[in-house]
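[1] 3D model of this:
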Amino acid sequence: MKDTFYTYIQGLQDKITARLEEIDGKAKFQEDIWKRPEGGGGRTRVIENGNVFEKGGVNISAVHGPLPAAMQSYFKVGNVDFFACGLSLVLHPESPMVPTVHANWRYFEMYDKQGNIVDSWFGGGQDLTPYYLFEEDASHFHKICKNACDKHDPDFYPLYKKKCDEYFYNAHRGEARGIGGLFFDYCKKTDQMSMQNWYNFVTEVGNSFLEAYVPIVEKRKELSYTQDHRDWQEIRRGRYVEFNLVHDKGTLFGLKTNGRIESILMSLPPRVQWRYDHHPKPESEEEKLVKVLKKSVEWQ
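    Numbering: from 1, shown residues only. Have a look, this model is predicted:
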């Protein structure tokens, strides 16, 4: 399964980066091939200073070796080996009218010292973080997420939409990071779902990403905006950074397993503001967004 999934994410990375370069029309992805001393490595692709994308990354990795002690405690396991591979992407557009997007799809195995698989699972998801709320964009993104889920189980969308709302939440702010999408983890073999079934589901979601995001970019990238809009975007980016550094499990895993620091932190936007005790003006478009982030919304 690990070889099959790694081959899949290699192809998906190529497909996504080619389409994003086409949309941007100016910037190209810079590629870095890196190795992890303990085992494995990855292929990082970063785009910067484009017509559409101010900064973004579409990265794949496949790492393996002894599970570090800190992660043994996290997973509540003993001295085991592991293999993990996945594709992770974050895109920060130049225009505050175009939302930031995040997605990842991953596969994990654990082994005993005889090399036998003792556990394995899939995880992943995709979520949208707008700076100005266009409700039709939120509805479109969730519609594509729901369509991908419904092909496998009608219960998946409400379940993984709820998990996304719960996970991408800045508890210290009392607000969501964005308007959600899907989040699933520890997708293991059951009587109802084989690992092949999970592979089919996860790749379905991965294949839906461009359909979910690209139409929104195309619709909003030419809209005009002011410096005030840009300032608000940078303030909201600060909340994005807070989540990634305080709460995100993927960041923690990368740091605890001696991942490549530049690849781990490529998710951070290039320009951010933290203004003391900042609040949007009453009845403004900015306040409209914040009110939505205070509650879970059913977009479908």
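[2] Restrict the helix or strand containing W34 to CA atoms and write it as PDB.
    Per DSSP states H and E: W34 is located in strand 30-35. Provided in PDB are the C-alpha atoms of strand 30-35 (Å, rounded to 0.1, in the frame of the first residue of the first chain):
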ATOM      1  CA  GLN A  30      11.100  26.000  -7.300                       C
ATOM      2  CA  GLU A  31      11.900  22.300  -6.500                       C
ATOM      3  CA  ASP A  32      14.100  21.100  -3.700                       C
ATOM      4  CA  ILE A  33      14.900  17.400  -3.200                       C
ATOM      5  CA  TRP A  34      15.900  16.700   0.400                       C
ATOM      6  CA  LYS A  35      17.000  13.800   2.500                       C
END
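[3] what packs against it?
    If you count contacts as 3 or more Cβ pairs under 8 Å, 6 or more residues apart in numbering; DSSP states H and E, strand 30-35 packs onto strand 40-48, helix 261-264. To be clear about C-beta, it is placed using only N, CA and C from the backbone, and glycine gets the same treatment.
[4] next one: the first one to chain centre, how far?
    In this case it means strand 40-48. In this view, strand 40-48 has its centroid 15 Å away from the chain centroid, taken as Cα atoms, centre = their mean, to the nearest Å.
[5] That one: partners in the sheet, and parallel or antiparallel?
    strand 30-35 (antiparallel), strand 53-66 (antiparallel) (DSSP bridges).
[6] hmm, back to that, roughly how far is the strand holding W34 from the heart of the chain?
    In terms of Cα atoms, centre = their mean, the centre of strand 30-35 is set 20 Å apart from its chain centre.
[7] all strands of the stretch 1-150 of the chain, in order?
    Counting by DSSP state E, counting those that start in this stretch, the stretch 1-150 of the chain has strands at residues 30-35, 40-48, 53-66, 81-93, 100-111, 117-129.
[8] is G125 in a bridge, and if so with what?
    Beta bridges link G125 to N104, F183, judged by DSSP bridges.
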